[in-house]
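Engineer: Dropping the sequence and predicted coords here.
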Amino acid sequence: QVELVESGGGLVQAGGSLRLSCVASGRSLSAYDMGWFRQAPGKERDVVATISPSGSKTFYADSIKGRFTVSRDNTKNTMYLQMNSLKPEDTAVYYCAADTIWTVQDDYDIWGQGTQVTVSS
């Protein structure tokens with residue numbers, strides 16, 4: 001059983017940067033597609049970015065293209081989300097997820113508990 005733990009969230013001013021990490025335990029992530037999702041208060045959970053097992057294929061939501069970068073280090077069983085030029089509308093709980101099937105929908109099998117990102121104006 002894979003367990004995912006996110007970290008790196010916090011409070012940042014608009015225009016600032018944060019790097020989220022998602023560390024897996026229990027099994028190697030090297031065979032899993034992975035993704036970052038976010039959920040703002042009162043809104044549905046939306047995809048932010050996804051990445052294939054090798055890292056060769058990625059997907060980004062239009063709202064964060066050019067500002068966020070997803071990456072992974074399978075030797076460390078970790079996925080990252082570098083977030084630059086943050087905006088107040090990026091405020092949300094960010095979740096990482098893993099699945100054995102490539103998808104950009106929020107129907108991943110394995111989820112972390114989430115980390116709060118708050119961007120002040």
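Structural biologist: It's in.
Engineer: All the strands of the chain, residue numbers only.
Structural biologist: 3-7, 10-13, 18-25, 33-39, 46-51, 58-60, 68-73, 78-83, 92-99, 110-111, 115-120 (DSSP state E).
Engineer: Make a markdown table out of these and add mean neighbour count and mean pLDDT.
Structural biologist: Quick note: C-beta positions are derived from backbone N, CA and C, even for glycine. Below are the strands of the chain laid out as a markdown table (neighbours: other CB atoms under 10 Å; pLDDT from 0 to 100):
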| stretch | mean neighbour count | mean pLDDT |
| --- | --- | --- |
| strand 3-7 | 17 | 97 |
| strand 10-13 | 13 | 98 |
| strand 18-25 | 19 | 97 |
| strand 33-39 | 23 | 97 |
| strand 46-51 | 21 | 98 |
| strand 58-60 | 17 | 98 |
| strand 68-73 | 18 | 98 |
| strand 78-83 | 22 | 98 |
| strand 92-99 | 22 | 97 |
| strand 110-111 | 18 | 96 |
| strand 115-120 | 17 | 98 |
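Engineer: For M79, see how far away the residue nearest to the spatial centre of the chain is.
Structural biologist: By CA atoms, centre = their mean, the chain has its centre lying nearest to W36, at 2.5 Å. Separation of W36 from M79 (CB to CB, to the nearest Å): 8 Å.
Engineer: likewise R45?
Structural biologist: From R45 to M79 the distance is 17 Å (CB to CB).
Engineer: same thing with K57?
Structural biologist: 14 Å.
Engineer: Stretch 43-60: how far from the chain's middle?
Structural biologist: 7 Å (CA atoms, centre = their mean, to the nearest Å).
Engineer: Kindly report the same for stretch 109-121.
Structural biologist: Here stretch 109-121 is found 8 Å from its chain centre; the criterion is CA atoms, centre = their mean.
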